[in-house]
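Enquirer: no sequence for this one, just the structure:
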């Protein structure tokens, strides 16, 4: 499948997140996250590399929208190439995280390129709290 860039979607999210402050997190995800005093942000349970290509470094209780743990669906070394239909392979880590993190229970559609050369997409629930 081909992913089409959704820069308009990214720009809307980016402007909406300008009020967020960036904080370095010690939450086991190994990334920096937007955080606001209005509410907590949640991740899907993946740690990805900060430099492109954004490779999966750790999988921690990745869940679908029905609270089922997705065992073996995503593996370390798979490359994250899309979030919610946007092609993220060349985005910096802050841009990727703005799309990956969100309110508790919201769903992220994630696309990956596995080392075996196949591309796959799954829906993951944001349920892992991001602590400052």
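Expert: Now that the structure is in, tell me what you want to look at. Remember, predicted model here, so these are calculated numbers, not experimental data.
Enquirer: The closest residue to residue 39 other than its chain neighbours and residue 57: what is the separation?
Expert: Nearest residue to residue 39, sequence neighbours excluded (Cβ to Cβ, 6 or more residues apart in numbering): residue 103, at 6.7 Å. For every residue, glycine as well, the C-beta is placed using N, CA and C. For residue 103, the distance to residue 57 equals 24 Å [Cβ to Cβ, to the nearest Å].
Enquirer: Check which helix or strand residue 121 maps to.
Expert: Using DSSP states H and E, residue 121 falls within strand 119-125.
Enquirer: Run me through the strand neighbours of that strand, direction for each.
Expert: Using DSSP bridges, strand 119-125 pairs in its sheet with strand 107-113 (antiparallel).
Enquirer: three-state assignment of the residue in the chain sticking out farthest from the centre?
Expert: The C-alpha centroid of the chain is most remote from residue 116, which lies 21.5 Å away (Cα atoms, centre = their mean). Counting by DSSP: H, G, I helix; E, B strand; the rest coil, the backbone at residue 116 sits in coil.
Enquirer: Could you pull up the residues touching it?
Expert: Residues near residue 116 by Cβ atoms under 8 Å, 6 or more residues apart in numbering: none.
Enquirer: Against residue 74, how distant is it?
Expert: 13 Å.
Enquirer: Name the SS class of the nearest residue to residue 47 once chain neighbours are set aside, please.
Expert: The shortest distance from residue 47 to any non-neighbouring residue, by Cβ to Cβ, 6+ apart, is to residue 58 (4.0 Å). Using three-state DSSP, the structure places residue 58 in strand.
Enquirer: any idea how far residue 58 lies from residue 114?
Expert: 16 Å.
Enquirer: Helices of this protein, start to end?
Expert: 7-16, 93-100 (DSSP state H).
Enquirer: Many thanks, I have nothing further to ask.
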